[in-house]
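Engineer: Provide a 3D model corresponding to the input given below.
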Amino acid sequence: MRTAAAISGLYAITDAALQPPERLVDAVAAAVDGGARVIQYRDKGDDDARRLEQALALAALCRDRGVTFLVNDDIRLAAEAQADGVHLGRDDEALAAARRELGDRAVIGVSCYNELHRALDAEAAGASYVAFGSVFPSRVKPHAPRAELALLRRARQRLRVPIVAIGGVDADNAGLAVAAGADAVAVISAVFASTDVAAAARRVAAVFE
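Structural biologist: Here you go, the predicted structure:
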């Protein structure tokens with residue numbers, strides 16, 4: 001199992017709307033080829049059998065490639081798939097519950113939106129990393145609260161855990177988030193909506209070189 005130290009670089013988040021199920025593993029493999037260092041499986045569907053099958057396949061792929069694999073929201077699915085950890089939002093199960101279920105070494109991330117106090121509380125409670133967003137205008141979540149670059153700068157001064165910038169991140173603006181203090185940039189459309197996923201991932205990952 002990988003640790004929070006692995007939360008850096010391009011953090012690619014899957015979206016069931018951007019590829020048919022039979023293309024998911026190939027798309028994630030292409031993102032890894034392009035330089036993704038973290039993969040988050042995000043699927044809000046209610047087909048539990050399909051979600052477990054996909055999570056197991058992605059966990060195996062990431063394990064083979066030395067990439068951190070996380071599951072969005074679902075602690076039980078993360079455990080069943082032997083993922084490296086889980087990412088939790090405001091309405092997800094508590095951090096403490098995730099830690100009990102997944103163990104001390106699991107990577108547990110917490111969405112903190114535009115709230116530094118939430119990030120500080122999450123770090124104190126044992127979060128492995130925190131995510132702020134939407135850093136830029138987002139097509140996926142157009143009404144998400146904005147987390148300005150100045151917030152990333154303040155967070156970098158006060159937090160020890162890795163910081164992930166999410167929301168509207170692409171190859172053109174990822175460098176701004178990194179310069180402001182982000183250890184990783186989380187990307188959905190800018191990678192998985194591309195007809196050439198590997199090339200799109202490579203363009204974003206280049207800001208870390």
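
Engineer: confidence score at residue 2?
Structural biologist: Reading off the per-residue confidence, residue 2 sits at a pLDDT of 56.

Engineer: my bad, residue 92
Structural biologist: The model reports residue 92 with a pLDDT of 69.

Engineer: how about the strands in this structure?
Structural biologist: 9-13, 36-41, 68-72, 85-88, 107-113, 129-132, 163-166, 184-187 (DSSP state E).

Engineer: separation between residue 120 and residue 173?
Structural biologist: To residue 173, residue 120 is 26 Å away according to Cβ to Cβ, to the nearest Å. C-beta here means a position set from N, CA and C on the backbone, and glycine is covered the same way.

Engineer: So for the two, which sits in the more crowded spot?
Structural biologist: More neighbours surround residue 173 than the other of residue 120 and residue 173, with 19 against 15 (other Cβ atoms under 10 Å).

Engineer: now the more buried one, nearest residue through space, not along the chain?
Structural biologist: Nearest-residue entry for residue 173: residue 136, 5.5 Å, with adjacent residues in sequence omitted and distances by Cβ to Cβ, 6 or more residues apart in numbering.

Engineer: returning to what we had before: same list (the strands of the chain) but as a markdown table, adding distance to residue 145 and mean pLDDT.
Structural biologist: Conversion of the strands of the chain to a markdown table gives the following (distance: least, Cβ to Cβ, whole Å; pLDDT from 0 to 100):
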| stretch | distance to residue 145 | mean pLDDT |
| --- | --- | --- |
| strand 9-13 | 18 | 98 |
| strand 36-41 | 20 | 98 |
| strand 68-72 | 19 | 98 |
| strand 85-88 | 17 | 97 |
| strand 107-113 | 5 | 97 |
| strand 129-132 | 10 | 98 |
| strand 163-166 | 12 | 98 |
| strand 184-187 | 16 | 98 |
